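>>> My questions are about this predicted structure, shown below with the sequence.
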Amino acid sequence: KNNNFYHNVFAFSAPILLCLYYFFPVCKIEVPERLTVSHEALIKTGLADRCISVPVREATDADILLVHSEEYLEAVKKTPYMTLEDLQEFTLQYGDVYFHPNIYHCAKLAAGAALQLVDSVMTGKVRNGMALVRPPGHHSMRSAASGFCVFNNVAIAAQYAKQQYGVKRVLIVDWDVHHGQGVQYCFEDDPSVLYFSWHRYEHQKFWPQLKESDYNSVGKEKGAGFNINVPWNKVGMKNSDYLSVFCHILLPVAYEFSPDLVLVCAGFDSAIGDPEGEMCASPDIFAHLTHLLMNLAGGKLCAVLEGGYNLTSLPQSVCQTVQTLLGDPAPRPANLDGPCESALESLHCVRSAHRQYWSCLKHMTFIFTASSNNSLLLSPAELPTSDVTTKRIKLAEEEEDKLKKVEEEKNAEEEVWPEPPKRVAPAVRTALVLPNDVACPDGCKHVNTSQVCLLVLLQGCSDVSGFAQAVLGLLLPLGYEYDPSLVLLARTPDSGLCDSVWQQLTGLLQGIAQGHTLVLMQVRRRRRGGSISVYLLLHFWGGLDRWQVF
Ligand SMILES: CC(O)(O)NCCCCNCCCN
Ligand SMILES: [Zn+2]
């Protein structure tokens with residue numbers, strides 16, 4: 001009896017549903033559950049309790065006009081009152097957007113949330129934070145919606161930070177798997193905003209299929225060099241590919257740019273399992289990406305959600321990001337087996353396109369061997385000139401494609417990946433082993449530690465390009481690959497390392513060995529009739545707090 005009833009109801013309602021669907025297409029992946037599963041995961045893991053929640057507000061017209069045109073804003077303002085037909089008409093003029101009578105309100109809240117986050121960080125109320133918003137923003141342009149985006153939340157936030165707080169330089173890192181063309185267009189002639197984006201490209205075959213998403217779009221006029229596109233010409237990119245691009249492109253340039261604020265277009269469709277990205281990076285990689293960015297701009301970092309459509313990897317990635325923002329040590333990086341040929345080729349093209357703009361890229365020249373077991377390291381040498389190398393790369397690539405085909409056939413079923421590892425937040429973050437008569441600063445604790453795994457003695461990387469070469473281009477990738485259980489840093493008075501470089505060094509290296517860092521400092525103390533050397537031994541454990549030189 002019951003079945004009969006349901007059959008009737010469905011039979012009757014199906015035609016209505018179908019025509020509604022035709023008139024009013026509903027997006028299958030940009031769904032409300034994206035926010036609910038992410039928020040629930042933050043609550044379940046206890047991370048939400050460790051954050052303060054910032055109230056949202058609607059972006060004002062003035063806020064929105066920082067990026068969008070009057071006519072576009074006026075048009076969007078009308079959508080809540082449009083008939084179904086008008087709404088459909090309005091939507092068809094843009095690519096891949098879905099307008100709903102309520103989306104104008106939601107889009108103002110998304111942009112307003114990003115501005116509230118900027119206020120909280122710039123006024124020092126919080127050190128950093130994340131805005132979990134819908135609809136996303138990085139595709140929307142001055143007078144057009146695109147790719148589920150209505151207002152460009154992050155672009156508005158960047159203009160707002162410059163206008164309201166006099167911020168001179170903003171770094172925007174877009175780790176979403178799609179190219180944020182809206183952000184690129186907004187700032188392509190603006191040297192005060194450095195836009196970095198990696199994105200699935202496949203030689204312009206992947207949406208939004210723009211020529212200007214390629215590596216040779218470096219910005220225009222005064223903005224030349226301040227737009228960095230890293231195209232992924234294959235799917236399946238992994239943790240090593242992401243870390244290599246951070247170490248060999250983004251971080252050296254970011255240190256040279258020296259931003260006052262870091263904004264992240266935090267799209268998590270670049271994680272494993274996402275239907276759009278089809279990449280293979282595990283959610284815990286976002287802990288490392290976040291950690292590496294937190295050493296810039298005095299830690300002022302605002303992450304704003306963009307994409308991310310797998311309802312399992314999205315919340316995991318959000319939690320990895322937030323837990324790192326809270327200062328917890330990053331988990332040991334999973335199976336770093338070196339960047340793939342295609343990633344190395346993109347990396348090489350981007351570095352060549354930007355060498356003329358950034359001194360840190362001028363000095364470092366790389367050859368990438370076409371052997372299959374690339375390490376995260378790129379051996380500095382002359383650039384490959386002969387086409388032999390290129391041919392070798394092509395051969396290696398064909399070889400790799402064959403292997404990949406076999407691989408794809410094998411595991412065509414649903415992607416699976418291990419749950420990200422638990423990350424213990426230590427009670428005491430920094431310990432100090434001091435001579436008895438030296439008082440232990442507050443926040444530290446006396447301990448005796450004995451393990452040593454990686455000893456680093458750095459000479460002479462006191463300026464930015466030296467720092468970039470020695471630390472970002474060599475030490476960091478080596479450290480990640482070596483994956484020690486402890487990092488020991490030794491500093492002698494004649495090491496020539498200035499405090500800020502030393503501070504950055506200790507900050508960056510805490511992404512390795514789950515934050516276990518031992519610092520051995522030799523300080524001279526004057527005594528009657530000569531000086532004696534006293535050694536301070538500091539033990540960090542995931543403490544991202546700024547470490548002062550005692
Ligand atoms: C925020 C974002 O970057 O995740 N938006 C992605 C939009 C993807 C549109 N897909 C078009 C598919 C064409 N058939
Ligand atoms: Zn995306």
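Noted; the coordinates are in hand. Ligands and ions are numbered 1, 2, ... in the order given.
>>> burial count for the closest residue to ligand 1 within the stretch 351-500 of the chain?
Nearest residue of the stretch 351-500 of the chain to ligand 1: residue 415, at 17.9 Å (C-beta to the nearest ligand atom). Bear in mind the C-beta positions are built from the backbone N, C-alpha and C, glycine included. When counting by other C-beta atoms under 10 Å, one arrives at 15 neighbours for residue 415.
>>> Same check on the one 4 residues further on?
Other residues near residue 419 come to 9 when the count uses other C-beta under 10 Å.
>>> Contact partners for it?
residue 316 (C-beta atoms under 8 Å, 6 or more residues apart in numbering).
>>> Residue 171 against residue 258, yeah?
No - Residue 171 is not in contact with residue 258 according to C-beta atoms under 8 Å; the separation is 9.1 Å.
>>> Among these two, which residue is more densely surrounded?
It is residue 171, of residue 171 and residue 258, that has more neighbours when counted by other C-beta under 10 Å, with 25 against 12.
>>> what is the mean pLDDT for stretch 259-273?
Throughout stretch 259-273, pLDDT has a mean value of 98.
>>> list the buried ones in it?
Residues 259-273 are the ones in stretch 259-273 that count as buried (16 or more other C-beta atoms under 10 Å).
>>> Identify the farthest-apart pair in the residues you listed.
260 and 273 (35.5 Å; C-beta to C-beta).
>>> Quick one: residues contacting the one residue in the stretch 351-500 of the chain that gets nearest to ligand 2.
Relative to ligand 2, the nearest point of the stretch 351-500 of the chain is residue 415 (17.2 Å; C-beta to the ion). Contact partners of residue 415, counting by C-beta under 8 Å, 6+ apart, are 272-273, 280.
>>> go on, residue 154?
114, 137-138, 172, 174, 180, 183, 263-265, 304, 306.
>>> where do the contact lists of residue 171 and residue 258 overlap?
Residues touching both residue 171 and residue 258 (C-beta under 8 Å, 6+ apart): residue 296.
>>> so how far is residue 77 from residue 335?
Residue 335 is 50 Å from residue 77, where distance means C-beta to C-beta, to the nearest Å.
>>> Compare those two and say which is more crowded by neighbours.
Counted by other C-beta under 10 Å, residue 335 and residue 77 do not tie: residue 77 has more neighbours, with 13 against 9.
>>> The closest residue to ligand 1 within the stretch 301-450 of the chain and residue 137, how far apart?
Using C-beta to the nearest ligand atom, the single residue of the stretch 301-450 of the chain nearest to ligand 1 is residue 307, 2.2 Å away. Distance of residue 307 to residue 137, given as C-beta to C-beta: 10 Å.
>>> so residue 182 touches residue 155, yeah?
Yes - with contacts counted by C-beta under 8 Å, residue 182 reaches residue 155, the gap being 6.5 Å.
>>> anything in contact with each of the two?
In contact with both residue 182 and residue 155: 137-138, using C-beta under 8 Å, 6+ apart.
>>> Comparing the two, which residue is more hemmed in?
More neighbours surround residue 155 than the other of residue 182 and residue 155, with 32 against 26 (other C-beta under 10 Å).
>>> secondary structure element for the more buried one?
Assigned by DSSP states H and E, residue 155 belongs to helix 153-165.
>>> Any idea how many residues pack against the residue in the chain positioned nearest to ligand 2?
Per C-beta to the ion, residue 307 is where the chain lies closest to ligand 2, at 2.8 Å. Neighbourhood size, residue 307 [other C-beta under 10 Å]: 27.
>>> got it, and residue 15?
That count, for residue 15 with other C-beta under 10 Å as the rule, works out to 9.
>>> before we move on, which element is it in?
Per DSSP H and E: helix 2-23 holds residue 15.
>>> Just the mean pLDDT for that helix, thanks.
Throughout helix 2-23, pLDDT has a mean value of 61.
>>> right, and the helix or strand after that helix?
helix 33-44.
>>> For that next one, output the C-alpha coordinates as PDB.
This file holds the C-alpha atoms of helix 33-44, laid out as PDB (Å, rounded to 0.1, in the frame of the first residue of the first chain):
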ATOM      1  CA  GLU A  33      27.200  20.300   3.300                       C
ATOM      2  CA  ARG A  34      30.700  21.600   2.400                       C
ATOM      3  CA  LEU A  35      30.500  24.000   5.300                       C
ATOM      4  CA  THR A  36      28.500  21.800   7.700                       C
ATOM      5  CA  VAL A  37      31.000  18.900   7.500                       C
ATOM      6  CA  SER A  38      33.900  21.200   7.900                       C
ATOM      7  CA  HIS A  39      32.500  23.000  10.900                       C
ATOM      8  CA  GLU A  40      31.400  19.700  12.500                       C
ATOM      9  CA  ALA A  41      35.000  18.300  12.000                       C
ATOM     10  CA  LEU A  42      36.500  21.400  13.700                       C
ATOM     11  CA  ILE A  43      34.100  20.800  16.600                       C
ATOM     12  CA  LYS A  44      34.600  17.100  16.800                       C
END
